[in-house]
Structures are given as C-alpha cells and as structure tokens.
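1. next one to model:
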Amino acid sequence: MGMQDQFKDKANELKEKASDALGQKKDEASERSSDMGDKAQEQGDQLRERGEREAERRRPDEGR
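-> Alright, predicted model coming up:
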C-alpha cells in the first residue's frame, strides 16, 4: 500500500466520522426542536384554558 493510498484511506475515514457527527448533531437538534414545540403547545393550552376561565368568571350571570 502506497503512501498516497494511506492518505486517501485516512481522508475517507475522517470524512465518514465528520458525516456521522453531523448527522448525530442534526438528530439532537431535531429532537430539541420537537421537545420545544411540545412545551410551547402545552403552554398555549394552559393559557387558553386560563383565558376561558377568566372570561367565564367575568361574564355576567345569564338569567339573573
């Protein structure tokens, strides 16, 4: 195996490692993004429910 082949092999190995690391980081970012979306949805639901309760409390009694 010549020196040039060794460099090509090492370059390919490093390229694969970099590609794997990038893929892993993308997966982690996607998971964090999904988690943040779930949390935002939950907070939005809580705010909507709180607003509905407040509106109900402020609504004048019907039929009185």
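2. which element is the most centrally placed residue in the chain on?
-> Centroid-nearest residue in the chain: Ser33, 1.2 Å away (criterion: CA atoms, centre = their mean). Here Ser33 is covered by helix 3-58, with elements defined by DSSP states H and E.
3. show me the shaky parts of this structure.
-> Counting by pLDDT under 70, the low-confidence segments of the chain come to 1, 62-64.
4. and if we set it to 80?
-> 1, 60-64 (pLDDT under 80).
5. picking that back up, any idea how far the residue nearest to the centre of the chain lies from Lys39?
-> 11 Å (CB to CB, to the nearest Å). Every C-beta, even on glycine, is put in place using the N, C-alpha and C of the backbone.
6. now Gln43: how far from Lys26?
-> Distance from Gln43 to Lys26, by CB to CB: 26 Å.
7. err, Lys15, not the other one
-> From Lys15 over to Lys26 (counting by CB to CB), the distance is 17 Å.
8. can you check Gly44 too?
-> For Gly44, the distance to Lys26 - CB to CB - is 27 Å.
9. over to Arg59?
-> Distance check for Arg59 against Lys26: by CB to CB, it reads 49 Å.
10. ok, Asp45 - how many residues close by?
-> The local packing of Asp45 (other CB atoms under 10 Å) involves 10 other residues.
11. now do Gly51
-> Counted with other CB under 10 Å, residues neighbouring Gly51 total 10.
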